[in-house]
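In: mind folding the following:
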Amino acid sequence: MDALAEAVIAGAPPGELERAVVPYEYTAAHLRKDEVDVFGGAADRDVRESLHVGPVPMPELAPDEVLIATMASSVNHHTVASATFTPRPAFDFLAQLGEQGGFEQRHDQPFHAIGSDAAGVVVRVGSAVRRWKVGDHVVVAGAWVDSQEPATHADGMIGGEQRIWGAETNYGGLAHYSVARADQVLPKAPHLTWEEAASSTLCATTAYRMLVGEHGARVKQGDIVLIWGAAGGIGSFAVQLVRNAGGIAVGVVSGADKARRLAGLGCDLVIDRTELGLDDPGLSTADRGRRLGRLIRNAFGEDPHIAFDATGEKTFGISVYVVRRGGAVVTCGSDSGSWHNFDNRYLWMNLKRVIGSHAANYQEAWECNRLLTLGRLSPVLSRTYPLAEVGEAARLVQNNEHIGKVGVLCLAPREGLGVADPVLRERIGERKLTPFRVGAPTG
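Out: Okay, here's the model as predicted:
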């Protein structure tokens, strides 16, 4: 391990970090450009075959960037998509970014250091960075935007050059070091461990924009919100945000263990889709919608105001069917497939809305991070893996065998480090902070 990393782990003061030499290469989970065809026509694109952990060259820092010694990161569905080279290899995006010239040329490499979450210590700042300094404990918001695009100043997610950091850019968070723009950086919640903080940012901020932000569904008191995949990373934050807003959270999961964990998070109604038969191939979309709608109406006397749908192909038609007249379906992804089929009569004749949402702009990310810092949102980390085993961590997510978020320790030598405010942590309580931890009680 290099001297700078050792100083960070030892908790060295900023002056010592500034004197330590930045290494010319560092360890990162990465993909290789010459392996984009490694899976051929295989039905199972096992991410353990494409994910490598080893040295990559350290890039030169741009004036508006910070270099972070990454203590922990996490696995997202972006990680799986990148590692399976679907729907297209991320190297295509890196090449397009490199064509812009200047510092963006650094992204177009024969390797792709991936990861869209990070928590760590700032060890270098670019010459134009004013709000961050060496020694700051930070997390990274996942949206990478071009501040020189006019549309970005209305909403960072509208700009044509908006990208997901570590998925459509290089030098992401599943590594000993990561490079982020200054307008991605957020202060780390001091009562959280490195791995808890790192596992929260991307999913929590995505759910915040979908439900709370002015560009989303704008959940309010009393709203019934149907949440598909409610035991997953984004879904479990959605449950908390709905509850915080005074809404009624209806979570759909697959499996009894996920249902028990979700009930412990405070979900008002938990539906096991396997027990309800929502995957029965003999049922039409309308039949599935009727079954689901009947169950929700029996519980609350009304249809959902909002359907929170990141699942996509398998659920979108049901979402359109089941939300009430004038209701909204908000979507941020298509984990089960991106071709959505639905009966448009249920949409137009009932004045329903479909809202597309993607990640979160910097202000939304900042507001969501404030909730985490106040303890109003809890991490949903279930387990962690060392960086050397990132392939196993990603495989767990690829097979949907996880609950909540799967964390990855990068420079952090063990779990439980990074807590700077133990008083707040004790006041919130370990039970609330670790609702999904494997081995934790479910009652």
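
In: which parts of the stretch 101-250 of the chain are strands?
Out: 111-113, 119-125, 137-140, 143-144, 163-164, 177-181, 185-187, 224-228, 248-253 (DSSP state E, counting those that start in this stretch).

In: now do the second one against strand 177-181, angle only.
Out: Orientation of strand 119-125 against strand 177-181 (axes from the mean of the first three to the mean of the last three C-alpha atoms, to 10 degrees) gives an angle of 70 degrees.

In: now distance to Ala412 too, for the strands of the stretch 101-250 of the chain, in a markdown table please.
Out: For every residue, glycine as well, the C-beta is placed using N, CA and C. Compiled in a markdown table, the strands of the stretch 101-250 of the chain are given as follows (distance: least, C-beta to C-beta, whole Å):
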| stretch | distance to Ala412 |
| --- | --- |
| strand 111-113 | 18 |
| strand 119-125 | 9 |
| strand 137-140 | 12 |
| strand 143-144 | 24 |
| strand 163-164 | 24 |
| strand 177-181 | 13 |
| strand 185-187 | 18 |
| strand 224-228 | 31 |
| strand 248-253 | 30 |
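
In: what is the helix or strand of the chain with the lowest mean pLDDT packed up against?
Out: Every helix and strand in the chain was compared by mean pLDDT, DSSP states H and E; the lowest is helix 256-264, with a mean of 85. If you count contacts as 3 or more C-beta pairs under 8 Å, 6 or more residues apart in numbering; DSSP states H and E, helix 256-264 packs onto strand 248-253, strand 269-272.

In: what's the closest of those to Gly54?
Out: When the helices and strands packed on helix 256-264 are compared by C-beta to C-beta, strand 248-253 sits nearest Gly54, at 36.6 Å.

In: Ile428 reaches His191, doesn't it?
Out: Yes: contact criterion C-beta atoms under 8 Å: Ile428 and His191 qualify, at 6.7 Å.

In: between these two, which one's more packed in?
Out: Set Ile428 next to His191 and count neighbours by other C-beta atoms under 10 Å: His191 wins out with 23 against 17.

In: ok, that one to Gly407 distance?
Out: According to C-beta to C-beta, to the nearest Å, His191 and Gly407 sit 16 Å apart.

In: and the end-to-end length of stretch 109-123?
Out: One end of stretch 109-123 to the other measures 24 Å (C-alpha to C-alpha, to the nearest Å).

In: centre of the chain versus that stretch, how much separation?
Out: Averaging C-alpha positions (C-alpha atoms, centre = their mean, to the nearest Å) puts stretch 109-123 14 Å from its chain's average.

In: likewise for stretch 20-39?
Out: 22 Å.

In: buried ones in that stretch, by neighbour count?
Out: 20, 23, 26-31, 36, 39 (16 or more other C-beta atoms under 10 Å).

In: for Trp339, helix, strand, or coil?
Out: coil (DSSP: H, G, I helix; E, B strand; the rest coil).

In: so who does it touch?
Out: By C-beta atoms under 8 Å, 6 or more residues apart in numbering, Trp339 lies in contact with Glu313.

In: Gly120 too?
Out: Neighbouring residues of Gly120 by C-beta under 8 Å, 6+ apart: 8, 68-72, 137-138, 178, 194, 410-411.

In: change it to 7 Å
Out: 68-71, 138 (C-beta atoms under 7 Å, 6 or more residues apart in numbering).

In: and if you look at Leu417?
Out: Leu417 neighbours (C-beta under 7 Å, 6+ apart): 193-194.

In: next, give phi and psi for it.
Out: phi -90, psi 160 (degrees, to the nearest 10).

In: ignoring the adjacent residues along the chain, who's closest to Leu202?
Out: Gly142 (4.1 Å; C-beta to C-beta, 6 or more residues apart in numbering).

In: tell me how far the one you found lies from Ser73.
Out: Gly142 is 11 Å from Ser73, by C-beta to C-beta.

In: and Arg345, what element?
Out: helix 344-348 (DSSP states H and E).

In: repeat for Glu16
Out: Going by DSSP H and E, Glu16 is in helix 14-19.

In: in that helix, what counts as buried?
Out: 16-18.

In: quick one: which of these is nearest Gln363?
Out: Leu17 (29.4 Å).

In: quick one, what contacts the closest one?
Out: Neighbouring residues of Leu17 by C-beta under 7 Å, 6+ apart: 4, 7-8, 123, 134-135.

In: hmm, back to that, so what sits against both of Ile428 and His191?
Out: Gly375.

In: what's the spacing between Gly266 and Pro150?
Out: Taken as C-beta to C-beta, the span from Gly266 to Pro150 is 42 Å.

In: among these two, which residue is more densely surrounded?
Out: Remark: of Gly266 and Pro150, Gly266 carries more neighbours, 14 against 9, as counted by other C-beta under 10 Å.

In: that one: what's its closest spatial neighbour, skipping adjacent residues?
Out: Using C-beta to C-beta, 6+ apart and skipping the chain neighbours, the partner closest in space to Gly266 is Arg243 (5.5 Å).

In: show me which positions of stretch 154-162 end up buried.
Out: In stretch 154-162, counting by 16+ other C-beta under 10 Å, buried: 155-159, 161-162.
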